[in-house]
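Q: Pasted the sequence and its predicted model underneath.
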Amino acid sequence: MNTNKNIVKHEKIFEGVNIFHLTDKVGRIWQTIGRDEKDAVNVWSQGEDTFTFIVRDIKPETLSVEFLIKSLNIPRSAIIVVTLMHEVLNTSEKREEFYAETLGFNAKCKYGSKDISKVLFKMKKQAEDLTNILVH
């Protein structure tokens, strides 16, 4: 996260502690606390529910496969991942599930292609297992 561009001091809540708003990779605005920008980023990255929460989430209709590819900085050269995303994330429900699992909460985010691939393969296997149950 580029703290200069994506974090704004919002208000002072008591001596030495401020509320900050942070904007993450996909455009969600989070509220957290800290003594300064660096401390606020640390609190946010720890995912402390008491002090950190989403103030403005993204709209579900913006969760297209292309939006997810761009948000996760997946290069077009990562053909297997891009193809899997188009194959597996073919409904809004599946895109929301993928979004929640990969971008669901700051420090727990997995941006590496390997982690994204694991989530996609898991989702693909679940769909195949469900299909097998329904067919038999």
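A: Here it is on my side, so go on. Residues are numbered from 1 along each chain as shown.
Q: Tell me the predicted confidence for His21.
A: For His21, the model assigns a pLDDT of 92.
Q: contacts for the helix or strand containing Thr32?
A: Assigned by DSSP states H and E, Thr32 belongs to strand 29-34. The contact list for strand 29-34, computed with C-beta atoms under 8 Å, 6 or more residues apart in numbering, reads 10, 13, 17-24, 40-44, 48, 51-56, 106. For the C-beta atoms, the positions are set from N, CA and C on the backbone; glycine is no exception.
Q: Strand 29-34 and the next helix or strand after that strand, what's the angle between them?
A: Where DSSP H and E defines the elements, the next helix or strand beyond strand 29-34 is helix 37-46. Angle of helix 37-46 versus strand 29-34, following axes from the mean of the first three to the mean of the last three C-alpha atoms, to 10 degrees, is 120 degrees.
Q: so what does helix 37-46 touch, helix or strand wise?
A: If you count contacts as 3 or more C-beta pairs under 8 Å, 6 or more residues apart in numbering; DSSP states H and E, helix 37-46 packs onto helix 3-6, strand 7-14, strand 17-23, strand 29-34.
Q: Would you mark the buried spots in that helix?
A: Using 16 or more other C-beta atoms under 10 Å as the test for burial, helix 37-46 gives 37, 39-41, 43-45.
Q: and the residues you listed as TSV, adding distance to Pro60 and pLDDT?
A: Formatted as TSV, the buried residues of helix 37-46 follow (distance: C-beta to C-beta, whole Å; pLDDT from 0 to 100):
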residue	distance to Pro60	pLDDT
Glu37	30	90
Asp39	32	91
Ala40	28	89
Val41	27	86
Val43	27	86
Trp44	23	84
Ser45	25	80
